[in-house]
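Trainee: Could you work out the structure for the sequence below:
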Amino acid sequence: MVRRMLTMLAAALLVPALAPPAHAAVQGEVYVALGDSAASGPLVPNQVVPDLGCWRSDHNYAHLTARAIGAGTFRDVTCSGADTGDMYASQGTDLGSVPPQLNALSQDTTLVTVQIGANDVGLTGFIEDCLNLLPPPVGDACNDDYIENGQDTWRLKTDALRPTLVALAADIRARAPQARVFMVGYATYAPQNGCYPRVPIIRSDANYIRATLMYFNRMLAEQAAAAGIGFIDLQTPSTGHDPCTSPGVRWIEPYVPAAPAAPFHPNALGMRNFATIVTAAVSAV
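Mentor: As a prediction, this is how the structure comes out:
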(Lines give C-alpha, C1' and ligand atoms only; values in the text may rest on other atoms or scores of the structure.)
Protein backbone atom coordinates (compact mmCIF):
# COMPACT_ATOMS: atom_id res chain seq x y z
CA MET A 1 0.00 0.00 0.00
CA VAL A 2 2.82 2.43 0.85
CA ARG A 3 4.50 1.91 -2.51
CA ARG A 4 1.18 2.40 -4.29
CA MET A 5 0.60 5.56 -2.29
CA LEU A 6 4.02 6.91 -3.32
CA THR A 7 3.25 6.12 -6.97
CA MET A 8 -0.02 8.04 -6.75
CA LEU A 9 1.76 10.99 -5.13
CA ALA A 10 4.30 11.06 -7.93
CA ALA A 11 1.48 11.14 -10.47
CA ALA A 12 -0.14 14.00 -8.61
CA LEU A 13 3.03 16.04 -8.82
CA LEU A 14 3.49 15.89 -12.74
CA VAL A 15 -10.28 7.93 1.30
CA PRO A 16 -23.66 8.74 14.69
CA ALA A 17 -21.11 6.90 16.94
CA LEU A 18 -22.10 3.71 18.74
CA ALA A 19 -20.42 2.90 22.04
CA PRO A 20 -20.22 -0.12 24.31
CA PRO A 21 -21.77 0.06 27.77
CA ALA A 22 -21.28 3.55 29.14
CA HIS A 23 -18.01 4.45 30.80
CA ALA A 24 -16.96 8.07 31.05
CA ALA A 25 -13.44 8.85 29.87
CA VAL A 26 -11.32 9.76 32.87
CA GLN A 27 -8.07 11.61 33.36
CA GLY A 28 -5.19 9.18 33.30
CA GLU A 29 -6.54 6.87 30.60
CA VAL A 30 -4.01 4.44 29.14
CA TYR A 31 -4.94 4.77 25.48
CA VAL A 32 -3.60 2.60 22.64
CA ALA A 33 -4.41 3.38 18.99
CA LEU A 34 -4.19 0.56 16.44
CA GLY A 35 -4.81 0.77 12.71
CA ASP A 36 -3.79 1.48 9.13
CA SER A 37 -3.17 4.65 7.10
CA ALA A 38 -6.75 5.88 7.55
CA ALA A 39 -5.81 6.21 11.22
CA SER A 40 -2.10 7.06 10.98
CA GLY A 41 -2.48 10.16 8.78
CA PRO A 42 0.20 9.87 6.07
CA LEU A 43 1.69 13.26 5.12
CA VAL A 44 -0.54 15.18 7.55
CA PRO A 45 1.84 17.49 9.46
CA ASN A 46 3.77 16.59 11.47
CA GLN A 47 5.04 13.12 10.68
CA VAL A 48 6.58 11.62 13.80
CA VAL A 49 9.49 9.41 14.77
CA PRO A 50 10.12 6.64 15.46
CA ASP A 51 8.74 4.45 12.69
CA LEU A 52 8.78 7.08 9.94
CA GLY A 53 7.91 4.31 7.50
CA CYS A 54 4.45 4.18 9.07
CA TRP A 55 3.63 7.71 7.85
CA ARG A 56 2.11 8.60 11.23
CA SER A 57 1.01 12.14 12.08
CA ASP A 58 1.06 13.77 15.49
CA HIS A 59 -2.24 15.37 14.42
CA ASN A 60 -4.08 12.19 13.52
CA TYR A 61 -7.39 11.61 15.29
CA ALA A 62 -5.84 9.37 17.94
CA HIS A 63 -3.30 11.99 19.01
CA LEU A 64 -5.99 14.68 19.11
CA THR A 65 -8.35 12.40 21.03
CA ALA A 66 -5.62 11.55 23.56
CA ARG A 67 -5.13 15.26 24.23
CA ALA A 68 -8.86 15.93 24.43
CA ILE A 69 -9.47 13.22 27.05
CA GLY A 70 -6.31 13.96 28.97
CA ALA A 71 -4.87 10.50 28.53
CA GLY A 72 -2.16 9.77 31.08
CA THR A 73 -0.40 7.32 28.74
CA PHE A 74 -0.80 7.22 24.97
CA ARG A 75 0.68 4.72 22.55
CA ASP A 76 -0.02 5.22 18.83
CA VAL A 77 1.15 2.27 16.75
CA THR A 78 -1.02 2.93 13.68
CA CYS A 79 0.90 2.29 10.48
CA SER A 80 0.25 2.85 6.80
CA GLY A 81 -0.17 -0.39 4.91
CA ALA A 82 -1.20 -2.40 7.99
CA ASP A 83 -3.67 -5.24 7.72
CA THR A 84 -5.06 -7.57 10.38
CA GLY A 85 -1.99 -9.81 10.11
CA ASP A 86 0.18 -6.90 11.24
CA MET A 87 -1.66 -6.86 14.54
CA TYR A 88 0.16 -10.11 15.34
CA ALA A 89 3.38 -10.05 13.29
CA SER A 90 6.07 -7.51 12.48
CA GLN A 91 5.16 -5.25 9.57
CA GLY A 92 7.64 -4.30 6.91
CA THR A 93 7.69 -0.68 5.75
CA ASP A 94 9.84 1.18 3.24
CA LEU A 95 12.04 2.30 6.14
CA GLY A 96 12.27 -0.90 8.13
CA SER A 97 10.04 -3.23 10.11
CA VAL A 98 7.86 -2.33 13.09
CA PRO A 99 6.65 -4.61 15.90
CA PRO A 100 3.23 -6.26 15.96
CA GLN A 101 0.67 -3.64 16.91
CA LEU A 102 -0.89 -5.79 19.65
CA ASN A 103 2.45 -5.58 21.49
CA ALA A 104 1.44 -2.04 22.51
CA LEU A 105 -1.39 -3.41 24.68
CA SER A 106 -0.94 -4.14 28.37
CA GLN A 107 -2.93 -5.20 31.39
CA ASP A 108 -3.33 -1.56 32.43
CA THR A 109 -4.65 -0.36 29.04
CA THR A 110 -8.04 1.29 29.56
CA LEU A 111 -8.94 2.47 26.03
CA VAL A 112 -8.30 1.03 22.56
CA THR A 113 -9.33 2.27 19.12
CA VAL A 114 -8.71 0.06 16.11
CA GLN A 115 -9.28 0.98 12.45
CA ILE A 116 -8.27 -1.97 10.30
CA GLY A 117 -9.43 -4.21 7.47
CA ALA A 118 -9.26 -2.00 4.38
CA ASN A 119 -5.89 -3.40 3.32
CA ASP A 120 -7.08 -6.98 3.86
CA VAL A 121 -9.61 -6.49 1.07
CA GLY A 122 -7.48 -4.19 -1.09
CA LEU A 123 -9.28 -0.86 -0.69
CA THR A 124 -6.43 1.25 -2.07
CA GLY A 125 -6.01 -0.91 -5.17
CA PHE A 126 -9.78 -0.97 -5.61
CA ILE A 127 -10.04 2.83 -5.77
CA GLU A 128 -6.92 3.11 -7.91
CA ASP A 129 -8.33 0.60 -10.41
CA CYS A 130 -11.39 2.82 -10.80
CA LEU A 131 -9.46 5.97 -11.69
CA ASN A 132 -10.30 6.73 -15.29
CA LEU A 133 -8.73 9.68 -17.08
CA LEU A 134 -10.95 9.14 -20.12
CA PRO A 135 -14.72 8.58 -19.85
CA PRO A 136 -16.53 5.80 -21.74
CA PRO A 137 -16.54 4.74 -24.49
CA VAL A 138 -12.78 5.36 -24.50
CA GLY A 139 -12.27 4.55 -20.82
CA ASP A 140 -13.61 1.38 -19.24
CA ALA A 141 -15.74 1.10 -16.11
CA CYS A 142 -14.10 -0.83 -13.28
CA ASN A 143 -17.12 -2.20 -11.43
CA ASP A 144 -17.64 -5.18 -13.73
CA ASP A 145 -14.05 -6.29 -13.05
CA TYR A 146 -15.20 -7.40 -9.60
CA ILE A 147 -18.01 -9.67 -10.76
CA GLU A 148 -17.11 -13.32 -11.28
CA ASN A 149 -19.69 -16.02 -11.88
CA GLY A 150 -22.39 -13.57 -10.88
CA GLN A 151 -20.77 -12.81 -7.52
CA ASP A 152 -19.17 -9.60 -6.28
CA THR A 153 -15.63 -10.63 -5.32
CA TRP A 154 -15.06 -7.48 -3.26
CA ARG A 155 -18.06 -8.35 -1.06
CA LEU A 156 -16.90 -11.95 -0.81
CA LYS A 157 -13.56 -10.75 0.55
CA THR A 158 -15.38 -8.41 2.92
CA ASP A 159 -17.50 -11.27 4.28
CA ALA A 160 -14.45 -13.50 4.62
CA LEU A 161 -12.95 -10.92 6.98
CA ARG A 162 -15.79 -11.21 9.51
CA PRO A 163 -14.38 -14.02 11.73
CA THR A 164 -10.92 -12.43 11.65
CA LEU A 165 -12.28 -9.20 13.14
CA VAL A 166 -14.20 -11.00 15.88
CA ALA A 167 -11.06 -12.96 16.77
CA LEU A 168 -9.01 -9.75 16.76
CA ALA A 169 -11.44 -8.09 19.17
CA ALA A 170 -11.17 -11.11 21.48
CA ASP A 171 -7.38 -10.98 21.35
CA ILE A 172 -7.38 -7.26 22.16
CA ARG A 173 -9.60 -7.88 25.18
CA ALA A 174 -7.42 -10.77 26.32
CA ARG A 175 -4.34 -8.55 26.30
CA ALA A 176 -6.14 -5.50 27.69
CA PRO A 177 -8.95 -6.86 29.91
CA GLN A 178 -9.70 -3.48 31.49
CA ALA A 179 -10.02 -1.62 28.21
CA ARG A 180 -13.03 -0.18 26.46
CA VAL A 181 -12.49 -1.19 22.83
CA PHE A 182 -13.84 0.69 19.82
CA MET A 183 -13.69 -0.36 16.18
CA VAL A 184 -13.54 2.69 13.91
CA GLY A 185 -15.19 2.67 10.49
CA TYR A 186 -14.02 4.34 7.29
CA ALA A 187 -15.08 7.68 5.89
CA THR A 188 -17.03 8.58 2.73
CA TYR A 189 -14.76 8.34 -0.30
CA ALA A 190 -17.31 8.97 -3.07
CA PRO A 191 -20.65 10.81 -3.18
CA GLN A 192 -23.63 9.56 -5.14
CA ASN A 193 -22.75 9.73 -8.86
CA GLY A 194 -19.24 11.04 -8.17
CA CYS A 195 -17.96 14.27 -9.71
CA TYR A 196 -16.15 13.29 -12.89
CA PRO A 197 -13.79 14.76 -14.09
CA ARG A 198 -12.96 16.64 -10.87
CA VAL A 199 -12.24 13.25 -9.36
CA PRO A 200 -11.57 10.96 -12.35
CA ILE A 201 -13.96 8.18 -11.37
CA ILE A 202 -16.99 7.81 -13.64
CA ARG A 203 -20.55 7.81 -12.27
CA SER A 204 -21.16 4.06 -12.31
CA ASP A 205 -17.82 3.38 -10.62
CA ALA A 206 -18.34 6.12 -8.02
CA ASN A 207 -21.67 4.53 -7.13
CA TYR A 208 -20.04 1.12 -6.95
CA ILE A 209 -17.29 2.41 -4.64
CA ARG A 210 -19.91 4.11 -2.48
CA ALA A 211 -22.08 0.98 -2.24
CA THR A 212 -19.21 -1.39 -1.50
CA LEU A 213 -17.74 0.90 1.17
CA MET A 214 -21.15 1.19 2.79
CA TYR A 215 -21.30 -2.61 2.80
CA PHE A 216 -17.80 -2.76 4.30
CA ASN A 217 -18.70 -0.33 7.08
CA ARG A 218 -21.89 -2.25 7.83
CA MET A 219 -19.78 -5.38 8.13
CA LEU A 220 -17.45 -3.62 10.58
CA ALA A 221 -20.40 -2.45 12.69
CA GLU A 222 -21.93 -5.92 12.69
CA GLN A 223 -18.69 -7.60 13.73
CA ALA A 224 -18.08 -5.03 16.46
CA ALA A 225 -21.55 -5.81 17.82
CA ALA A 226 -20.89 -9.55 17.56
CA ALA A 227 -17.65 -9.09 19.50
CA GLY A 228 -19.26 -6.90 22.15
CA ILE A 229 -17.14 -3.81 21.44
CA GLY A 230 -18.07 -0.31 20.33
CA PHE A 231 -18.29 0.94 16.77
CA ILE A 232 -17.54 4.51 15.72
CA ASP A 233 -19.16 5.57 12.45
CA LEU A 234 -17.09 7.98 10.35
CA GLN A 235 -19.00 7.39 7.12
CA THR A 236 -22.20 9.22 8.11
CA PRO A 237 -20.65 12.41 9.51
CA SER A 238 -18.18 12.64 6.62
CA THR A 239 -20.98 12.74 4.05
CA GLY A 240 -20.63 16.08 2.29
CA HIS A 241 -16.92 16.18 3.09
CA ASP A 242 -15.76 13.65 0.50
CA PRO A 243 -13.00 14.18 -2.11
CA CYS A 244 -15.50 15.83 -4.50
CA THR A 245 -16.02 18.80 -2.17
CA SER A 246 -13.93 21.95 -2.10
CA PRO A 247 -10.69 22.51 -0.17
CA GLY A 248 -11.59 23.68 3.30
CA VAL A 249 -14.72 21.52 3.24
CA ARG A 250 -13.44 18.07 2.38
CA TRP A 251 -12.01 15.74 4.99
CA ILE A 252 -10.63 13.24 2.46
CA GLU A 253 -8.26 14.40 -0.27
CA PRO A 254 -8.77 13.41 -3.94
CA TYR A 255 -6.26 11.89 -6.34
CA VAL A 256 -4.40 15.22 -6.58
CA PRO A 257 -4.34 16.52 -2.99
CA ALA A 258 -4.67 20.24 -2.31
CA ALA A 259 -3.60 19.82 1.33
CA PRO A 260 -0.79 17.77 2.90
CA ALA A 261 -2.23 14.27 2.85
CA ALA A 262 -1.98 11.11 0.80
CA PRO A 263 -4.49 10.69 -2.06
CA PHE A 264 -7.84 9.36 -0.84
CA HIS A 265 -6.77 9.73 2.80
CA PRO A 266 -7.83 12.12 5.56
CA ASN A 267 -6.36 15.61 5.64
CA ALA A 268 -5.76 17.67 8.81
CA LEU A 269 -9.33 19.01 8.78
CA GLY A 270 -10.67 15.49 8.50
CA MET A 271 -8.49 14.32 11.38
CA ARG A 272 -9.73 17.18 13.57
CA ASN A 273 -13.33 16.29 12.86
CA PHE A 274 -12.74 12.57 13.28
CA ALA A 275 -11.12 13.34 16.65
CA THR A 276 -14.25 15.21 17.73
CA ILE A 277 -16.36 12.18 16.78
CA VAL A 278 -14.03 9.67 18.43
CA THR A 279 -13.68 11.79 21.57
CA ALA A 280 -17.46 12.02 21.94
CA ALA A 281 -17.80 8.24 21.52
CA VAL A 282 -15.12 7.24 24.01
CA SER A 283 -16.32 9.86 26.50
CA ALA A 284 -19.98 8.86 26.35
CA VAL A 285 -21.63 8.46 29.75
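
Trainee: Ile264: neighbour count?
Mentor: Quick fix: residue 264 is Phe, not Ile. When neighbours are counted by other C-beta atoms under 10 Å, Phe264 registers 27. Glycine gets a C-beta too; all of them are placed from N, C-alpha and C.

Trainee: Check whether it sits in a helix, strand or coil.
Mentor: Of the three states, Phe264 takes coil under DSSP: H, G, I helix; E, B strand; the rest coil.

Trainee: Let me know the distance separating it from Val249.
Mentor: 16 Å (C-beta to C-beta, to the nearest Å).

Trainee: try Arg198
Mentor: Per C-beta to C-beta, Arg198 is found 13 Å from Val249.

Trainee: Have a look at those two and say which one is more surrounded.
Mentor: Shown here are Arg198 and Val249; by other C-beta under 10 Å, Arg198 has more neighbours (14 against 11).

Trainee: In the stretch 151-285 of the chain, what residue spans correspond to helices?
Mentor: Taking DSSP state H, counting those that start in this stretch as the criterion, the stretch 151-285 of the chain contains helices spanning 153-160, 162-175, 203-227, 268-282.

Trainee: next structured bit after the least confident helix or strand in the chain by mean pLDDT?
Mentor: Least confident helix or strand, the chain: helix 2-13 with a mean of 39, by mean pLDDT, DSSP states H and E. Moving toward the C-terminus from helix 2-13, the next helix or strand (DSSP states H and E) is strand 30-35.

Trainee: strands paired with that next one, and their directions?
Mentor: strand 73-76 (parallel), strand 111-115 (parallel) (DSSP bridges).

Trainee: now the angle between helix 162-175 and the longest one, please.
Mentor: This means strand 111-115. 160 degrees (axes from the mean of the first three to the mean of the last three C-alpha atoms, to 10 degrees).

Trainee: So what touches strand 111-115?
Mentor: By C-beta atoms under 8 Å, 6 or more residues apart in numbering, the residues outside strand 111-115 that reach it are 25, 29-36, 38-39, 62, 65, 69, 71, 78, 105, 168, 172, 176, 179-186, 232, 278, 282.

Trainee: The same query, at a cut-off of 7 Å, please.
Mentor: 29, 31-36, 38-39, 62, 105, 172, 176, 179-184, 278, 282 (C-beta atoms under 7 Å, 6 or more residues apart in numbering).

Trainee: filter those residues to the buried ones?
Mentor: Neighbour counting by 16 or more other C-beta atoms under 10 Å classes 29, 31-36, 38-39, 62, 105, 172, 176, 179-184, 278, 282 among these as buried.

Trainee: Test for you: state the pLDDT assigned to Asn207.
Mentor: Note for Asn207: predicted pLDDT of 95.

Trainee: check contacts around it.
Mentor: So Asn207 contacts 192-193 (C-beta under 7 Å, 6+ apart).

Trainee: quick one: the strands in the stretch 51-200 of the chain?
Mentor: For the stretch 51-200 of the chain, applying DSSP state E, counting those that start in this stretch gives strands covering 73-76, 91-93, 96-98, 111-115, 147-148, 151-152, 180-184.
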